[in-house]
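>>> Build the 3D model from these lines:
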Amino acid sequence: MKYHLKSFTLLLVCALVAVMSCKNKELTPADNVNITPGDSTGGTSSGSTTFDPTTQTLVSEGKFKDGGHPTSGTVKLYRQGTTYTLVFDSFKTDEGPDLRIYLAEDTKANNFIELVELKNTGNFYLTLPDNAEVAKRKQVLIWCKRFSVLFGSAELMAPAQM
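Next comes the predicted model:
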């Protein structure tokens, strides 16, 4: 009995440390930042820093909902030829120790692909890699990689379904 109580206490302390590590501080806003996969700085990459939807086809969109932390805004998936781009609008979430943007089959991060480390809120976009498989992966996740915590998610649906 004593051993089980110690194990339970240790497990409880670890869970509290994990939750406390994901602070309720907001990230700083960014105005029209172009983040490409692999750019972990959250800064602008080469090329235009604004997204022009008039040259793209809107494929799907979704509204962010809370996971373990308040998360809001919208995300839209655009296509131009074989290139897909995710556009974040009025995006907002809490700060975390190791936040990433995942594209996944579900909110549990099954069959996910990591797109980029998240450093910004506000309006920004990122170009998806060729292996994104957007037909299968309909969930955009804000994920704390260090503690495997879902901060928020948006399900990409056809515009008429919104």
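>>> Now do stretch 149-162: everything it contacts.
18-19, 22, 58-72, 74-75, 77, 93-94, 96, 99, 107-109, 134, 138-144 (CB atoms under 8 Å, 6 or more residues apart in numbering). The C-beta positions use only the backbone N, C-alpha and C, and glycine is treated the same way.
>>> Selecting buried members of these in PyMOL, what would you type?
Selection of buried members from the contacts of stretch 149-162 for PyMOL, criterion 16 or more other CB atoms under 10 Å:
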select buried, resi 22+59+60+61+62+64+67+68+69+71+75+77+93+94+96+99+107+109+138+139+140+141+142+143+144
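>>> quick one: which of the contacts of stretch 149-162 sit in strands?
The strands, defined by DSSP state E, take in 58-63, 65-66, 71-72, 74-75, 77, 93, 99, 139-144 from the contacts of stretch 149-162.
>>> how about the helices of this structure, start to end?
Taking DSSP state H to define them, one finds helices in the chain at 2-21.
>>> remind me which residues of it are low pLDDT?
In the predicted model of the chain, residues 1-49, 161-162 satisfy pLDDT under 70.
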